[in-house]
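Undergrad: whatever this is, show me its structure:
(2 chains)
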2 protein chains.
Amino acid sequence: MTEEHQVIFFPSGKRGLVPENTTILQAARRLGVDLDSVCGGLGICSKCQVEPTFGEFAKHGMTADPNALSPWNAVEERYRQKRGLLEGRRLGCQARIAGDVVVSVPPESQINKQVIRKEISARPFTLEAATKLFFVRVDEPDMKSPTGDFERLRVAMKKQWDLDILPPELSLLSRLQPVLRRGNWEVTVAVHTAHDNERQTLIDVWPGLLEESLYGIAIDLGSTTIAAHLVNLETGEVVASAGQMNPQIRFGEDLMSRVSYAMMNPDGSTEMTRVVRETLGELCSGLVKEGSLVPETIVELVFVCNPIMHHLLLGLDPVELGQAPFALATSDSIGIKASEVGIMDINPRAQAYILPCIAGHVGADAAAVVLSEVPNQSEDLVLIVDVGTNAEIILGNYERVLACSSPTGPAFEGAQISSGQRAAKGAIERVEISPATKEPRFQVIGSDLWSDHRDFRKSLGDTQITGICGSGIIEAVAEMRLAGIMDQSGLIGSPKQTGTRRSIADGRTYSYVIYEAGGDPLRQIAVTQADVRAIQLAKSALYAGARLLMDEMGVATVARVVLAGAFGAHISPKHALILGMIPDVPLPKVTSAGNAAGNGALIALCNRSMRTEIEAVVGEITKVETAIEPRFQEHFVAANGIPHGIDPFPNLSKTISLPTERFRAGGNSAADKRRRRRKN
Amino acid sequence: MTEEHQVIFFPSGKRGLVPENTTILQAARRLGVDLDSVCGGLGICSKCQVEPTFGEFAKHGMTADPNALSPWNAVEERYRQKRGLLEGRRLGCQARIAGDVVVSVPPESQINKQVIRKEISARPFTLEAATKLFFVRVDEPDMKSPTGDFERLRVAMKKQWDLDILPPELSLLSRLQPVLRRGNWEVTVAVHTAHDNERQTLIDVWPGLLEESLYGIAIDLGSTTIAAHLVNLETGEVVASAGQMNPQIRFGEDLMSRVSYAMMNPDGSTEMTRVVRETLGELCSGLVKEGSLVPETIVELVFVCNPIMHHLLLGLDPVELGQAPFALATSDSIGIKASEVGIMDINPRAQAYILPCIAGHVGADAAAVVLSEVPNQSEDLVLIVDVGTNAEIILGNYERVLACSSPTGPAFEGAQISSGQRAAKGAIERVEISPATKEPRFQVIGSDLWSDHRDFRKSLGDTQITGICGSGIIEAVAEMRLAGIMDQSGLIGSPKQTGTRRSIADGRTYSYVIYEAGGDPLRQIAVTQADVRAIQLAKSALYAGARLLMDEMGVATVARVVLAGAFGAHISPKHALILGMIPDVPLPKVTSAGNAAGNGALIALCNRSMRTEIEAVVGEITKVETAIEPRFQEHFVAANGIPHGIDPFPNLSKTISLPTERFRAGGNSAADKRRRRRKN
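TA: Sure thing, here's the model as predicted:
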């Protein structure tokens, strides 16, 4: 009988007895240890590098034995000379066990590496890409048993990797014969494993061992902007990012105007599909170029988007989403070829995955937020608000999760605001107003200094102050309320009422001038009464949606609030609370999640099990439809006022004083830090 | 407890007890009786018509009871008035069982109708199309549970038909919402059930109940000709047929010259793929037009072809098939969308099935011959020869089946013959030569009379005698041998040796003149020495292939021979035996199978279980490669002579006398009958 030896793997701690002469790779597989290999143990790919830790033997109660592994062999030596191998490392497929041994698996040799992206998300996840590379040796053809080249590849994949591959599409089948011969019957195949199917799809085949990594692109397709991240599927690293405006904007700023465009124009829907696919194609091509990649190595796409973007991406007429009962053509996740949505400059057989929609108004983007923020695993009751032209609102904990969307409109993004603009250089993004003097100071994207700093002008350089962006208008309105320039109803006072000449008449109402532009009225930046009304409508919609979910959940308060979305990351939690955008919670309980939807897309791109997870979670979410719910209207109307603040002029009866201690933390929040980073 | 009643169904004879008030349709399903229904029992489709046979009760030992069924109801009355219902028939979904009853299911109400095509094949089969229609009622959308329209259709298909449908492709998904609404949430769907997958593919969806049938096209893609049959998938009826020349002929008459073309020209393979797909598209469009069909109702294609046609159809470079080891890119059956091989003017989601290839030289056409002629179920040892430019040869019985192909070349089809032409009006197709006078007589396509009949000229009308076709040249050479005009080696004698002035000098050899054309040497039709050599090469290849299989099987004789293929159907068995095309068997044991490959395609088109069957059978076939087998060369050389006949001139030693009784049956064979039908 063969002697057996004790092997312990780190960091997993898995251990067991294996027969003498077993390779470390075989031992890892037998013990269920996560040790990578593309070539399946042929000494070609070097993915299975390990570090035998002889020095620590005593610690693990084993005797140190320098002969516990077979000697360094020719394959390892050739590999070391050709490509280098770190001191102390062995190839797991070459080193054979000859005694008790402890083996460390370095992070880069683990298949399911843990990925932590500090910048983007708090949720760590492991790598488990749907498409992976496998090196395989195929039997040569034999007239005695004349099966096709593909059938022999299939047999080899079953035997060497235990994978059942489906017949490939013709475009790949037609390349199989020359590639097999060029590789002398050794090829690397890219295989896609759908998370809901046991059989595998061949994505591509290369002669010999492919030296490149595989890549994927996570795409957050918003109504206004499209963001895309190119990710190395073997390391989880974001290699390049790019963004572009959604070209559909010319058919309508908000979602409903795009649905209207589709309704009113016979080819409206087709046209919107065409332009967005074109832009997506350009974005992807640009990323491939930026990363200097071989286009065929991009094999996976993941999309998140709201239901209307979802339908327009897929070429589905969104008209049913514009009217009750808001029927989706399909609500489940979608697995198609990227080429079917017109993404061409990547692998022609690249797979695209779109997360499931939650309801007619709550899309795959909301599902991605759930995947990123996991309210379904939260101990305390969390309210997640993804603020955009349409806000997705999610409330829940490990017991139950509710979701709705709310039509906030584009005011939060600086649109439909008199001096509004997108967040770009020259936009006012922070505002403070002194309650004593009623004088404002502000910060502008492009400078780190406040406007009352003596070097402010200099720090701006060539940058002109051109307008006010979403976070700026929110702070401005909230500060106007705190400084007593407007009352609880949102009415801006006259110069007499407010006691400042910055309150100027504007027809029958008043505006508050934030930036005087040296007296040039054309370049002056003010908050008009109409601007305040627009912000009130937007924040009421947001608040009413949150309250509707709280009603449904039967709660009057929530434990914490997460502001999500690219814009959400820039909102000052203090001002959001003052405005009444979100229900009252202690200020430290308001956090920013950054682009949670985009992060959810990244997670689904890197880990196919997470696709299974989010599909199951979405099925359990209770959907609440705001559009037809009378209580939504009630909450909406009731939320119109701006409760917190001081009411200096007496045309409103009720004054609610600001519980100041709540709002003191501002300035060190994640949003503040992010805002500082944005300056360039 | 509900009372139960005895029900007997005919013609199946299935019987059982069912609870009172069960509909006949429900009872049929419960008892496993084959009763059709598209609407699933809603009284809409009328496919479930039955004939309660009260009169025969006594015979089945049951008491006649006119009240054994629920009374004629309003649905049935409305149906009768609107569309008519034969006297004595009931709708199976309306008539409920109220007592013991005997129910006849007329053939048109059976799903798996038996199909017998007298014209084309001997093998009967039942209808079991892969794509079928289902009427389904879908739940309307509901905001409380906002699943997509497709997901509700899927649930309905599961509940109402127990079918698991896969998400449809985008082109169909985009039509789903309007169709569901137009049909007021009732639709007819066409569902494809692959024979090797449990999940179903949606092919199309129509509002309400679709009144049309579904159709399929069986295509026999030969090197020289392409034949296509349009079939009603609900009745099995061939609605229209069409044929066209394979346009690849301009790249090479035979298979190997096409492979050479692909090797020598960079885009040669692509070009050949393009032209054949174009012609296939035209053929299909023509059939759809001829049948006056809605293109969307054509939902299935089946192809049979040799491996090189197979690869060129699929866009696979056939170059590997031109050299040992003759590796197929893929050997298994293929299931793809028809559009992938460029067939566009039918349903855009129509499915195409290609039978499996047996080996690098033995294709899906040979598999189709096996499916049609079932050698694997034969009690006696049968040799099947599908004669074309390439001959497929199959030998076997229920114990074992062998297959090979043999490169006969185009001589049997009249090509490479000095006066050769395709079988068309004006071609000599039968020849007799009097051993006494050495004078010939012949028949010409276009007339029923022999050339020595006094009305022969008149019967021809405008038809000119233009050449000799494949069956004509075979008979001519065989008759020349029988009449002592040539010797066993195939040498045509001089006028002096043969004693006839029809033997004329042609350089250093002699020709035999069959048609003198009034002395016009340009229109004269003769068999030259080179023609005889071409036929000898072709028949030797065929014979050698057959002998190789017999060697492999370890037998010296076979029990029967089947001549298959469009051309095989026209060969005179007697002359085939005289020539030595096939091994000796008693003449009545040589039969014609008509276009067995085309018939196999029809069977696979109409019955998806037959696809499973042929795939399994092909896996069991022993493949014999002629190209590299030394014994093939030996047999080939040995088979060069024409053994049976008389040797009047003494330059050859051995004379084998004709066992005349064997060859007497000619004139009444199936081939003769078919030949007579071809005259028009």
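Undergrad: quick one: residues contacting the residue of the stretch 401-550 of chain A found nearest chain B.
TA: Nearest residue of the stretch 401-550 of chain A to chain B (C-beta to the nearest C-beta) works out as A:Ala403 at 10.5 Å. For every residue, glycine as well, the C-beta is placed using N, CA and C. The contact partners of A:Ala403, by C-beta atoms under 8 Å, 6 or more residues apart in numbering or on different chains, come to A:358-359, A:362, A:366, A:370, A:392-395, A:549, A:621-624.
Undergrad: who's it bridged to?
TA: In this entry, A:Ala403 is beta-bridged to A:Ile394, A:Lys623, by DSSP bridges.
Undergrad: do the same with A:Ile217
TA: Beta bridges link A:Ile217 to A:Leu230, A:Leu301 when assigned by DSSP bridges.
Undergrad: ok, how many other residues are close to it?
TA: Using other C-beta atoms under 10 Å in any protein chain shown, A:Ile217 has 31 neighbouring residues.
Undergrad: and what of A:Arg454?
TA: Considering only other C-beta under 10 Å, A:Arg454 is surrounded by 7 other residues.
Undergrad: quick check: phi and psi at it.
TA: phi -70, psi -20 (degrees, to the nearest 10).
Undergrad: my guess is A:Leu381 meets A:Ala556, correct?
TA: No: contact criterion C-beta atoms under 8 Å: A:Leu381 and A:Ala556 do not qualify, at 10.9 Å.
Undergrad: give me the more crowded residue out of those two.
TA: A:Leu381 (18 against 9).
Undergrad: now do the more buried one, the pLDDT please.
TA: What the model reports as pLDDT for A:Leu381 is 97.
Undergrad: show me where the stretch 101-250 of chain A has helices.
TA: Assigned by DSSP state H, counting those that start in this stretch, the helices in the stretch 101-250 of chain A fall at A:149-161, A:170-182.
Undergrad: out of those, which comes closest to B:Gly426?
TA: Distance to B:Gly426, taken as C-beta to C-beta, is lowest for helix A:170-182 among the helices of the stretch 101-250 of chain A, at 42.2 Å.
Undergrad: same for that closest one, what does it pack against?
TA: helix A:149-161, strand A:200-207, helix B:307-314 (3 or more C-beta pairs under 8 Å, 6 or more residues apart in numbering or on different chains; DSSP states H and E).
Undergrad: ok, and what's touching the second one?
TA: Looking back up the chat, that one is strand A:200-207. Contact with strand A:200-207 is made by A:131, A:153, A:157, A:163-166, A:168, A:172, A:175-176, A:179-180, A:182-184, A:186-194, A:296, A:299, A:347, A:349-351, as judged by C-beta under 8 Å, 6+ apart.
Undergrad: buried members of those into PyMOL, please.
TA: To isolate in PyMOL the members of the contacts of strand A:200-207 that are buried, counting by 16 or more other C-beta atoms under 10 Å in any protein chain shown, one can use:
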select buried, chain A and resi 131+153+157+163+165+168+172+175+176+179+180+183+186+187+188+189+190+191+192+193+296+299+347+349+350+351
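Undergrad: so of the contacts of strand A:200-207, which ones are in strands?
TA: A:Thr131, A:Glu186, A:Val187, A:Thr188, A:Val189, A:Ala190, A:Val191, A:His192, A:Thr193, A:Val299, A:Gln351 (DSSP state E).
Undergrad: my guess is A:Phe135 contacts A:Asp36. True?
TA: No: between A:Phe135 and A:Asp36 there is no contact under C-beta under 8 Å: 11.9 Å.
Undergrad: would the helix ranked longest in chain A count as contacting chain B?
TA: In terms of residue count, the longest helix belonging to chain A (DSSP state H) is helix A:529-553. No: Helix A:529-553 is not in contact with chain B by C-beta under 8 Å from any C-beta of the partner chain; minimum separation 12.0 Å.
Undergrad: that older thread, including pLDDT and distance to chain B, could the ones in strands among the contacts of strand A:200-207 go into TSV?
TA: Output for the ones in strands among the contacts of strand A:200-207, formatted as TSV (pLDDT from 0 to 100; distance: C-beta to the nearest C-beta, whole Å):
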residue	pLDDT	distance to chain B
A:Thr131	96	20
A:Glu186	96	16
A:Val187	97	14
A:Thr188	97	19
A:Val189	97	15
A:Ala190	97	19
A:Val191	97	17
A:His192	97	16
A:Thr193	93	17
A:Val299	98	20
A:Gln351	97	14
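Undergrad: coming back round to it: figure out which of the helices and strands packed on helix A:170-182 is closest to A:Ser447.
TA: So among the helices and strands packed on helix A:170-182, strand A:200-207 is nearest, using C-beta to C-beta, at 48.1 Å.
Undergrad: still on that earlier bit, from the ones in strands among the contacts of strand A:200-207, which is closest to B:Ile473?
TA: A:Val187 (49.4 Å).
Undergrad: which residue packs closest to that closest one, ignoring adjacent ones?
TA: Spatial nearest neighbour of A:Val187, chain neighbours left out: A:Val205 (5.2 Å); criterion: C-beta to C-beta, 6 or more residues apart in numbering or on different chains.
Undergrad: and if you look at A:Asp365?
TA: The nearest residue in space to A:Asp365 (C-beta to C-beta, 6+ apart) is A:Ala597, at 4.2 Å.
Undergrad: which ones are touching that neighbour?
TA: With C-beta under 8 Å, 6+ apart, A:Ala597 has these contacts: A:Asp220, A:Val304, A:Asp365, A:Ala366, A:Ala368, A:Val369, A:Ser372, A:Asp386, A:Ala564, A:Gly565.
Undergrad: please flag which of those sit within helices.
TA: Going by DSSP H, the helices hold A:Asp365, A:Ala366, A:Ala368, A:Val369, A:Ser372, A:Gly565 from the contacts of A:Ala597.
Undergrad: could I get the residues you listed as TSV with distance to A:Arg457, neighbour count and pLDDT?
TA: Listed next are the ones in helices among the contacts of A:Ala597 as TSV, based on distance: C-beta to C-beta, whole Å; neighbours: other C-beta atoms under 10 Å in any protein chain shown; pLDDT from 0 to 100:
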residue	distance to A:Arg457	neighbour count	pLDDT
A:Asp365	41	34	93
A:Ala366	44	35	94
A:Ala368	42	32	96
A:Val369	41	32	95
A:Ser372	41	30	94
A:Gly565	33	28	79
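Undergrad: look up which residues are beta-bridged to the residue in the stretch 351-500 of chain A that chain B sits nearest to.
TA: Nearest to chain B, among the residues of the stretch 351-500 of chain A, is A:Ala359, at 3.8 Å (C-beta to the nearest C-beta). Assessed by DSSP bridges, A:Ala359 has beta-bridge partners A:Val362.
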